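1. I would like to see how this sequence folds:
(chains A and B)
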2 protein chains.
Amino acid sequence: MTAPTPWSPRGDTRMIEQGDAFQPLFDRDGLLPAIVCDAKTMKTLMFAWMNDEALRLTLSTGYAHFWSRSRGKIWLKGEESGNRLSVRAARTDCDQDVLLLEVDVEGDAVACHTGARSCFYRELDLAVAPVRLKR
Amino acid sequence: MTAPTPWSPRGDTRMIEQGDAFQPLFDRDGLLPAIVCDAKTMKTLMFAWMNDEALRLTLSTGYAHFWSRSRGKIWLKGEESGNRLSVRAARTDCDQDVLLLEVDVEGDAVACHTGARSCFYRELDLAVAPVRLKR
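-> Residues are numbered from 1 along each chain as shown, chains lettered A, B, ... in the order given. Model (predicted):
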């Protein structure tokens, strides 16, 4: 037996923007963009995609799950590294087509597969052309 | 005469993850996801998409431009409201397929078209099923 869907079907614009029902919109590939930020500093840590199942697992376990587009499978972030993302709060935007997770990073507090704390470890140097990246 | 492209062609994985050349990857629709956060608080304000032209305009003017998927056109955020997004810093992620803009919001300091400061004005209440949204 399948558990009932933990969110609601899409409503009209007023309901989506002002309502209190969670009515997420998945794109044509069945994916929802998810931004992950640090619950303490609010700094952006990473960006990934969730399908229906990844969202259900995230909501039911409290740990961020994503859909890996490259591997074509569900992915419990930190399953191997131990750097799991414990969800302290989740938000959606006005259009309910993006998710924002506020998390505590477990283990080494590393969110990026490169070993960096955040995936956004490089800043664009806009003073040069073509643009360079600096750490 | 067209200005030269202000970024570089994609390199190999090592160059993309560790290099100092900006090599953004646009998706099959020619779009790059862009996260916008407040340069002072680091709080996430909104999420939108850039095509090649929107990215060029953002880099050259210092104001965030996006591609409106619903209207099918370039969009200078805040053009009508005056709440333009002045880019203080821009970052990319390990895969260089996402952009993070740190901005000052001009005008009324409102980033969302609903009048909210941030598009993420509702939090998911995970204690109930189906999930509800609270402000």
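2. When you work out contacts or count neighbours from here on, use the C-alpha atoms and nothing else.
-> OK.
3. Alongside chain B, which residues does chain A contribute?
-> A:5-8, A:17, A:19-22, A:35, A:41-44, A:46-47, A:59, A:89-94, A:98, A:100, A:112, A:114, A:119-124, A:126, A:129-134 (Cα under 8 Å from any Cα of the partner chain).
4. Helices - which of these land there?
-> Counted as lying in helices by DSSP state H, out of the residues of chain A next to chain B, are A:17, A:59.
5. Keep only those of the residues of chain A next to chain B that are in strands.
-> A:35, A:44, A:46-47, A:89-92, A:100, A:122-124, A:132-134 (DSSP state E).
6. Going through the residues of chain A next to chain B, which ones are buried?
-> Applying 16 or more other Cα atoms under 10 Å in any protein chain shown to these, the neighbour count classes A:6-7, A:17, A:19-22, A:35, A:42-44, A:46-47, A:59, A:89-94, A:98, A:100, A:112, A:119-124, A:126, A:131-133 as buried.
7. List the beta-bridge partners for the residue nearest in space to the middle of chain A.
-> Of all residues in chain A, the one closest to the mean position by Cα atoms, centre = their mean is residue A:34, 2.7 Å from it. Residue A:34 has these beta-bridge partners by DSSP bridges: residue A:48, residue A:99.
8. Just want to check the distance between it and chain B.
-> Counting by Cα to the nearest Cα, to the nearest Å, the gap from residue A:34 to chain B is 10 Å.
9. pLDDT value on that residue, please?
-> The model reports residue A:34 with a pLDDT of 98.
10. thought it was touching residue A:96?
-> No. Using Cα atoms under 8 Å, residue A:34 is not in contact with residue A:96, being 11.2 Å away.
11. Name the SS class of residue A:14, please.
-> helix (DSSP: H, G, I helix; E, B strand; the rest coil).
12. How about residue A:36: what's its closest non-neighbour residue?
-> Nearest non-adjacent residue to residue A:36, counting by Cα to Cα, 6 or more residues apart in numbering or on different chains: residue A:101, 4.8 Å away.
13. give me every residue that touches that neighbour.
-> Applying Cα atoms under 8 Å, 6 or more residues apart in numbering or on different chains, we find residue A:101 in contact with A:34-37, A:87-91.
14. I'd like the distance between it and residue A:82.
-> Separation of residue A:101 from residue A:82 (Cα to Cα, to the nearest Å) stands at 18 Å.
15. cool, and residue A:96?
-> 30 Å.
16. okay, these two: which has more neighbours?
-> residue A:96 (20 against 14; other Cα atoms under 10 Å in any protein chain shown).
17. The more buried one touches residue A:27, doesn't it?
-> No. Using Cα under 8 Å, residue A:96 is not in contact with residue A:27; the gap is 11.4 Å.
18. so residue A:23 makes contact with residue A:16?
-> Yes. Residue A:23 is in contact with residue A:16 according to Cα under 8 Å; the separation is 6.7 Å.
19. out of these two, which sits in the busier spot?
-> Legend: neighbour count by other Cα under 10 Å for residue A:23 and residue A:16, higher for residue A:23 (24 against 20).
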